[in-house]
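1. for reference, the sequence and a predicted model appear below.
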Amino acid sequence: MPHAAIRKLTLTAFRSYPSAQVSVADGPVVLTGPNGAGKTNILEALSFLSPGRGLRRAQLGDVGHRAPGAAGEAPWAVSALVDGALGEVRLGTGHDPAQEGGVRRCRIDGEGVPSANAFLDHLKVLWLTPEMDGLFLGPPGDRRRYLDRLVLAVDGAHGTRVNGLERALRSRNRLLEENGSARFLEAVEHEVAELAVAVAAARLETVARLGAEIAAHRDDASLFPFAELALDGVVERLIAHFPALEVEDRYRVLLRDNRPRDRAAGRTLEGPHLTDLSVSHGEKQLPAARCSTGEQKSLLIGLTLSHARLVASMQGFSPILLLDDVVAYLDSARRTGLFEALARLGAQAWMTGADPAAFAALDRAERFEVAPGTIGRA
Ligand SMILES: Nc1ncnc2c1ncn2[C@@H]1O[C@H](COP(=O)(O)OP(=O)(O)OP(=O)(O)O)[C@@H](O)[C@H]1O
């Protein structure tokens, strides 16, 4: 299967790098170096080649390089020469606090584009980071965000839908607070319901596709357990029982009936903005939250691989995978299993770790040594 590949990455005033450049023939790419050297910063730069706030969910003003003792926010930029789904392209993104306020600027071959959504036509970037280890034990909001990233990689319009729903809900909450007229409330609830059904339906569709992808590869799940996924939310339940048009009507009635309760609470208490993604260990039939730490981590690796396969089969093009500190944790059989799975997937994977020995079994890798502020071939 053809795959997206970063050929050259250029960082300007990005995190610990005043400036840096990495050229890669194809990959996989291994970044090693001591703790705090700047390995994750490179993956974060690559994660800005997709919509959103990157793999750290950073504030744009925190990303610019700050010399020791320097104050204020610095402008930063990431530029990448990419072999993407539509051929070779240069993607650029960055932020200048003096000019753009809270907006990340994006360019394709030097031409400004409205947002990083436009990058999705060229490549998808998926990631797994140590911060995600707590996903199954953390608040539903984290799982919802994770779910929406899963959906976004296969359905580029999903981010716009989710943002639209959030905006419409804010309008409804404001109208409730200000005792707005019933006519205005009805109009905004109409919009909320329409977007809510679209968001829930897109999530359900991706979860179903991902479930089918996981089921198709269940037999190779001995190293990374297979997950069972379900969505827990009011609109998702309605979709399971009623035709789409009726779901919208029923949710609108629910919103109308809930007005006094929601006004008192200061927010909308039911809807897809509160949906949870439930994940279980398929073989053990155990909720992921009750699995061991190692099992939870393996479940996430299995999910990441399945998602990458789904994205590849839907786009006919493998995504870029960013695996931060994933390999060191695995025993040698699982390391080899992961390397083999990545090779089968044919995706360009960027992997980090403090110890180069953890990547010894990886064939054909391009290896880089990272030290504070610099990156060079190992
Ligand atoms: N805006 C910034 N300006 C300058 N340096 C920064 C900025 N943001 C983060 N850093 C520095 O980047 C370093 C962390 O880099 P990074 O997280 O990439 O390390 P790492 O190599 O992945 O480490 P580990 O192996 O511990 O995960 C820290 O020393 C931090 O101070």
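-> Okay, I see it.

2. domain map for the protein?
-> 1-123+317-378, 134-297 (automatic domain parsing).

3. which one of these lies closest to the ligand?
-> Distance to the ligand, taken as Cβ to the nearest ligand atom, is lowest for domain 1-123+317-378 among those, at 3.3 Å. All C-beta atoms are positioned from the backbone trio N, CA, C, and that covers glycine.

4. that's a strand at Glu369, yeah?
-> Yes. Glu369: assigned to a strand according to DSSP: H, G, I helix; E, B strand; the rest coil.

5. let me see the contact set for it.
-> Listed by Cβ atoms under 8 Å, 6 or more residues apart in numbering, the contact partners of Glu369 are Thr32, Gly33, Ile375, Gly376, Arg377, Ala378.

6. closest one of those to Arg167?
-> Nearest to Arg167, judged by Cβ to Cβ, of the contacts of Glu369 is Ile375 at 39.7 Å.

7. and the closest one, what is it in contact with?
-> Ile375 is in contact with Tyr17, Ala20, Val22, Leu31, Gly38, Ile42, Phe368, Glu369, counting by Cβ under 8 Å, 6+ apart.

8. over to Leu299?
-> Phe136, Phe224, Pro225, Ala227, Val279, His281, Ala288, Cys291.

9. as TSV, those residues with pLDDT and neighbour count would be great.
-> Listed next are the contacts of Leu299 as TSV, based on pLDDT from 0 to 100; neighbours: other Cβ atoms under 10 Å:
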residue	pLDDT	neighbour count
Phe136	98	22
Phe224	93	24
Pro225	93	22
Ala227	96	20
Val279	98	23
His281	96	22
Ala288	98	24
Cys291	97	19
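
10. Leu128: which of these is nearest?
-> Using Cβ to Cβ, those come closest to Leu128 at Phe224, 11.4 Å.

11. which SS class is the closest one?
-> With three-state DSSP as the basis, Phe224 sits in coil.

12. pull the most distant pair out of the contacts of Leu299.
-> Taking Cβ to Cβ as the measure, the contacts of Leu299 reach their widest spread between Phe136 and Phe224, a distance of 14.8 Å.

13. and Leu223, what pLDDT?
-> With respect to pLDDT, Leu223 scores 87.

14. wait, I meant Ser79
-> pLDDT, Ser79: 98.

15. the host helix or strand of it pairs with which strands, parallel or anti?
-> Assigned by DSSP states H and E, Ser79 belongs to strand 76-84. Partners of strand 76-84 in the sheet, by DSSP bridges, are strand 5-14 (antiparallel), strand 87-95 (antiparallel).

16. is it anywhere near the ligand?
-> No. Shown here: strand 76-84 not in contact with the ligand (Cβ under 6 Å from any ligand atom), separated by at least 8.1 Å.

17. how about that strand: buried residues?
-> Trp76, Ala77, Val78, Ser79, Ala80, Leu81, Val82, Asp83, Gly84 (16 or more other Cβ atoms under 10 Å).

18. skipping adjacent residues, who's closest to Arg144 in space?
-> Sequence neighbours aside, Thr275 is the residue nearest to Arg144 in space, at 6.0 Å (criterion: Cβ to Cβ, 6 or more residues apart in numbering).

19. show me where pLDDT drops low in this protein?
-> 100, 220-221 (pLDDT under 70).

20. where does it come near the ligand, residue by residue?
-> Contact residues, the chain versus the ligand (Cβ under 6 Å from any ligand atom): 15-16, 33, 35-41, 62-66, 325, 352, 354, 370.

21. so who does the closest residue to Pro34 other than its chain neighbours touch?
-> Leaving out its chain neighbours, the residue that sits closest to Pro34 by Cβ to Cβ, 6+ apart is Ala354, at 6.2 Å. Residues in contact with Ala354 (Cβ under 8 Å, 6+ apart) are Thr32, Gly33, Pro34, Asn35, Ala328.

22. go through the contacts of Leu299 and flag which are in helices.
-> Taking DSSP state H, every one of those sits outside helices.

23. secondary structure element for Ala70?
-> Under DSSP H and E, no helix or strand contains Ala70.

24. picking up where we left off before, any of the contacts of Glu369 buried? List them.
-> For these, buried by 16+ other Cβ under 10 Å: Thr32, Gly33, Ile375.

25. can I get the residues you listed in JSON lines including secondary structure and distance to Pro2?
-> As requested, those are exported to JSON lines (DSSP: H, G, I helix; E, B strand; the rest coil; distance: Cβ to Cβ, whole Å):
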{"residue": "Thr32", "secondary structure": "strand", "distance to Pro2": "28"}
{"residue": "Gly33", "secondary structure": "coil", "distance to Pro2": "31"}
{"residue": "Ile375", "secondary structure": "strand", "distance to Pro2": "27"}
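
26. what segments of the protein are helices?
-> Using DSSP H, helices in the chain cover 39-47, 60-63, 97-100, 140-154, 158-177, 182-216, 234-241, 244-257, 259-265, 293-315, 332-345.

27. what is the last one packed up against?
-> If I follow you right, that is helix 332-345. Contacts defined by 3 or more Cβ pairs under 8 Å, 6 or more residues apart in numbering; DSSP states H and E place helix 332-345 against helix 293-315.

28. what about the helix it packs on, distance to the chain center?
-> From the chain centre to the centre of helix 293-315 is a distance of 12 Å (Cα atoms, centre = their mean, to the nearest Å).

29. list the buried residues in that helix.
-> Neighbour-count burial for helix 293-315, counted by 16+ other Cβ under 10 Å, picks out 295-312, 315.

30. try stretch 106-122
-> Cys106, Arg107, Ile108, Val113, Ser115, Ala116, Asn117, Ala118, Phe119, Leu120, His122.

31. what is the nearest of these to Leu254?
-> Among those, Asn117 lies closest to Leu254 (Cβ to Cβ), at 30.8 Å.

32. wait, the closest one sits on Gly159?
-> Yes. Counting by Cβ atoms under 8 Å, Asn117 does reach Gly159; the two are 6.2 Å apart.

33. brilliant, that's me finished.
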